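# Mind folding the following:
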Amino acid sequence: MSDLAAVDSLTVDVITDNVSDTYASKPAFALSEMANILKAGAKEISGETLLVANLGYGLRLRTKVGAKQHTLLFDTGTEGAAFLRNCRNMAIDLGEVEEIAVTHGHWDHMGALPAALDTIAARRGRGSVAVHVNPEMFNERGVLLQDGTIFPAARVPTPAQMEAQGARVVNDGQARTLLDGHFYYSGEIPRVSAFEKGREDHLCRKDNSEEWRPDPFLMDERMLIVNVRDLGLVVFSACSHAGIVNVCTEAKRLFPDIPIHAVMGGLHLGGVMERLIPQTVEALEPFDIGHFITGHCTGWRALHALANAYGDRVSQSAVGTSYMFDATLPQPARETRPPTKFETKPTW
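As a prediction, the model looks like this:
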């Protein structure tokens, strides 16, 4: 992937995430929700001026190479009103968004997409924003409950619906670079680790005329990578249904000579996936990742386990936070202690 550019800087704004926590410790290269709403013009601290958290994930990514700048949305999150409110409170102008990269076909990553598209089209014009998806994202999804009931998930907007709202839809399963090579949008992520086997309770079907079938691997999931000059790769994995070890393995296969500076997103280690925490923490050690910025579906046990193992390299993502990746800015000292070793089975 020699056409992936080395960008001079990358700024990440968290628009949607599960957690709202003004008091969450931030790395030195982050700006807090409070600082952001003040910068956006808030006159007081209140429930109306702060951001609202809800289940899901959505980021604004802005890159620079010299005088050239690009703006991309990485997923949107669950629900349009909350997404638009958070954009307003951070003074995020959706009219600047050029493209949207969707990671997979789940409602908590695409539910706010129609509202985002309506706003972008109103400000930029119809046909002015490209939405990157792949054909497998549009299967109907459901979850098998313990009593045998199948609980369907909300359908995500189809390519035709997105086009009706003024988007240019790029519906292709292959990898590609976006916006002058500032972003790498992956193809299918190989499932190669010995223990990341997905979720047996995930089901899918193409339409109501078809029987539900197992969908443990969610092969439609994609990741996004940015190469920040003199820092390395920033790997965005919104939900890590592929398994974060598989995600990092693929990132290193694609870019073997560039270090992974940061991994950001949901690691999908909460709830029934907690059993994978010890193996995941140990398996991440060889990648020598500089920063873990965990959010969405990571879960508190996984966050604590990672922090115990990797210390200040680990932080909690929260809505309203901005992260600045730029080698010209002062960089925090990095802990060099070895990771804590875990039992092969969790003790909780």
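# sec struct for the residue lying farthest from the centre of the chain, please.
Centroid-distance maximum for the chain: residue 209 at 32.4 Å, with Cα atoms, centre = their mean. Following DSSP: H, G, I helix; E, B strand; the rest coil, we place residue 209 in the coil state.
# who touches it in this structure?
With contacts taken as Cβ atoms under 8 Å, 6 or more residues apart in numbering, residue 209 has no neighbouring residues. All C-beta atoms are positioned from the backbone trio N, CA, C, and that covers glycine.
# do you know how far it is from residue 218?
From residue 209 over to residue 218 the distance is 22 Å, taken as Cβ to Cβ, to the nearest Å.
# same question, residue 201
Here the criterion is Cβ to Cβ. By it, residue 201 lies 12 Å from residue 218.
# Look at the two and report which has more neighbours.
Per other Cβ atoms under 10 Å, whichever of residue 201 and residue 218 has more neighbours is residue 218, with 23 against 16.
# you'd agree the more buried one is up against residue 241?
Yes - proximity of residue 218 to residue 241 meets the contact threshold set by Cβ atoms under 8 Å, at 4.0 Å.
# Which neighbours do those two have in common?
Here residue 218 and residue 241 have 104, 198 as joint contacts, going by Cβ under 8 Å, 6+ apart.
# Spell out, range by range, the strands that occur in the stretch 151-300 of the chain.
167-171, 176-178, 183-185, 202-205, 213-214, 224-228, 232-237, 260-266, 291-295 (DSSP state E, counting those that start in this stretch).
# typed the wrong thing, it's the stretch 1-150 of the chain
Using DSSP E, counting those that start in this stretch, strands in the stretch 1-150 of the chain cover 6-7, 9-16, 30-31, 58-65, 68-74, 99-101, 129-133, 140-144, 150-152.
# Tell me which of those strands approaches residue 196 most closely.
Nearest of these to residue 196, taken as Cβ to Cβ: strand 140-144 at 18.9 Å.
# what are the bridge partners for the closest residue to residue 239 other than its chain neighbours, then?
Leaving aside its chain neighbours, residue 239 sits nearest to residue 266 (4.7 Å; criterion: Cβ to Cβ, 6 or more residues apart in numbering). Bridge pairing for residue 266 (DSSP bridges) gives the partners residue 295.
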